[in-house]
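Colleague: pasting a predicted model and its sequence here:
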Amino acid sequence: QVQLVESGGGLVQAGGSLRLSCAASGSIFSTNAMAWYRQAPGKQRELVASISSGGSTNYADSVNARFTISRGDPKNTVYLQMSSLKPEDTAVYYCNANLKTTPITPSNNYWGQGTQVTVSS
């Protein structure tokens, strides 16, 4: 069993900052890429940022230069530092991890339960 647990969401004023954390635990052999997605009411879930096992990062245009994704030690943790927040950043943020549970099973995607981020104007 694999669990991803997010924390750090909340209510913040426009222009403020928040830091999201996600820790993967359970039967994990190796972790590949990790990512943050978000879903606003009435909208599709979208990729916010991703980071490979080697540290390469990718950002949505809408958050580039405002958000920073990083991985912790152990590498089963991922963070999202969000700065200069805007009301349009309001969404439920989900952690995603692509990982293997054994040396021989294919990698699979796992999701956290989501954490609410609300930015007031």
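Modeller: Sure, I can see it.

Colleague: how about the contacts made by residue 20?
Modeller: Applying C-beta atoms under 8 Å, 6 or more residues apart in numbering, we find residue 20 in contact with 6-9, 36, 79-80, 82, 93, 95, 115, 117. No exception for glycine: its C-beta is placed from N, CA and C like everyone else's.

Colleague: closest to residue 65 among those?
Modeller: Comparing those against residue 65 with C-beta to C-beta picks out residue 82 as the nearest, at 11.7 Å.

Colleague: ok, now how distant is the closest one from residue 69?
Modeller: Counting by C-beta to C-beta, to the nearest Å, the separation of residue 82 from residue 69 is 10 Å.

Colleague: one more: residue 103?
Modeller: Going from residue 103 to residue 69 by C-beta to C-beta gives 27 Å.

Colleague: the two: who's more crowded?
Modeller: Higher neighbour count among residue 103 and residue 69: residue 69, with 22 against 7, using other C-beta atoms under 10 Å.

Colleague: is it true that that one touches residue 55?
Modeller: No - here residue 69 does not reach residue 55: they are 10.0 Å apart, not a contact under C-beta atoms under 8 Å.

Colleague: which stretches in the protein count as helices?
Modeller: For the chain, helices defined by DSSP state H do not occur.

Colleague: centroid-nearest residue for it?
Modeller: Nearest residue to the geometric centre of the chain (C-alpha atoms, centre = their mean): residue 36, 2.5 Å.
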